[in-house]
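**Student:** sequence plus predicted model, see below.
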Amino acid sequence: MKKFVQVSAAVAAMFTMAGAASAAVFNDTIGDNFDGNAHMDIKSVEVTNTLTDITFKITTNGSIANPTDWGKYMIGIESVAGGDTGNPVGNPWGRNIRIASGMDAWVGSWVDGGGGGAQPFTFNGSWTQNGQFVPVLGADSTTITVPLASLNLIPGQGISFDVYSGGGGGGDSANDALGNPGQTISDWQVPYDSGTQLLSYTLSVPEPASMGFIGLGALSLIARRRRA
C-alpha cells in the first residue's frame, strides 16, 4: 500500500509539471497614480498559465489590507476580432475604461468583504459572467486565478491585455494602468482608454517532448509497482 501511494504521488507530480508554465512579469512605474494611494499604485503583475487556468498576481505599492482594502483591480483582454468598443464604458462593470479596438474579456476583482472575489466575463454582442472565484490575498498583492474557458482562451493563443486599479464607484476609471508608464487620469471618473498601450502574453503549452517524457516516466513507475 505504501509503494502504491508513493507511485501515485510521483505520477501526480509529473502531470502537475506538465500543466505548469513559466511566468511573465510586467513592471509599472511607481508613484504614477494621481490620487497618491499606495494600494492603488500598481507595482507589477505576474502572469502564468496552465493547460486549464490563467493567473494574474497583481502587486501594489502598499498594503491592500483593512483599512486600505477598498481598491478594485481589473483586467481587460483583447484576444479576437470584435469586442466591446463602447465609449467611454467598454466593460461589464460600468467603469469609464475601454480598449478602443474592442475588449472581449474582463476580470473584475475586489479584496474586501471577507476574502474578496473575482468575476470573469466574455463579450459576444453582450457581456456574460462566467462564474465567481476567490483571489489569494497577500500583504500587498492579490493573486487571481480563473479558468481559461471563462475568458474564451486556449493554450497557445496570444492575447493583448491591461490591468487597472480603481475605486468602488460605478463610474470610476483607471487610477493606474499597467500598460501606461505615466499618469492615466487626473480625477476619479475621467474616462481612460488603453489604446495602443496594451501588453502581450502568449498562453504557453507543454512541449510535446516534455509530455512524452512525462508519459514514459509515468508508465515506468506503474510498471515498477506491478513488479513489486
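**Tutor:** Thanks, I have it.
**Student:** who does the spatially most central residue of the chain form a beta bridge with?
**Tutor:** By CA atoms, centre = their mean, the chain has its centre lying nearest to Phe56, at 3.2 Å. Bridge pairing for Phe56 (DSSP bridges) gives the partners Val47, Ile144.
**Student:** check the spacing between it and Gln157 real quick.
**Tutor:** 16 Å (CB to CB, to the nearest Å). Bear in mind the C-beta positions are built from the backbone N, C-alpha and C, glycine included.
**Student:** now the helices for the chain?
**Tutor:** 2-19, 208-227 (DSSP state H).
**Student:** separation between the residue nearest to the centre of the chain and Thr122?
**Tutor:** Per CB to CB, Phe56 is found 16 Å from Thr122.
**Student:** go on, Val47?
**Tutor:** In terms of CB to CB, Val47 sits 18 Å off from Thr122.
**Student:** repeat that for Gln157.
**Tutor:** Relative to Thr122, and taking CB to CB, Gln157 is found at 14 Å.
**Student:** okay, the two: which has more neighbours?
**Tutor:** Neighbour count, other CB atoms under 10 Å: between Gln157 and Thr122, Thr122 has more, with 22 against 15.
**Student:** now do the same contact list for the more buried one.
**Tutor:** By CB atoms under 8 Å, 6 or more residues apart in numbering, the contact set of Thr122 is Asp104, Ala105, Thr128, Asn130, Ser150, Leu151, Asn152.
**Student:** hang on, Asp140 packs against Thr68?
**Tutor:** No - if you go by CB atoms under 8 Å, Asp140 and Thr68 don't touch, sitting 9.9 Å apart.
**Student:** ok, back up a step: would you turn the contacts of Thr122 into a markdown table with pLDDT and distance to Thr60?
**Tutor:** Output for the contacts of Thr122, formatted as a markdown table (pLDDT from 0 to 100; distance: CB to CB, whole Å):
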| residue | pLDDT | distance to Thr60 |
| --- | --- | --- |
| Asp104 | 98 | 26 |
| Ala105 | 99 | 22 |
| Thr128 | 99 | 29 |
| Asn130 | 99 | 26 |
| Ser150 | 99 | 24 |
| Leu151 | 99 | 23 |
| Asn152 | 98 | 28 |
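**Student:** can I get the residues you listed in TSV with distance to Asn87?
**Tutor:** Putting those into TSV (distance: CB to CB, whole Å) gives the following:
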residue	distance to Asn87
Asp104	16
Ala105	18
Thr128	21
Asn130	25
Ser150	26
Leu151	23
Asn152	23
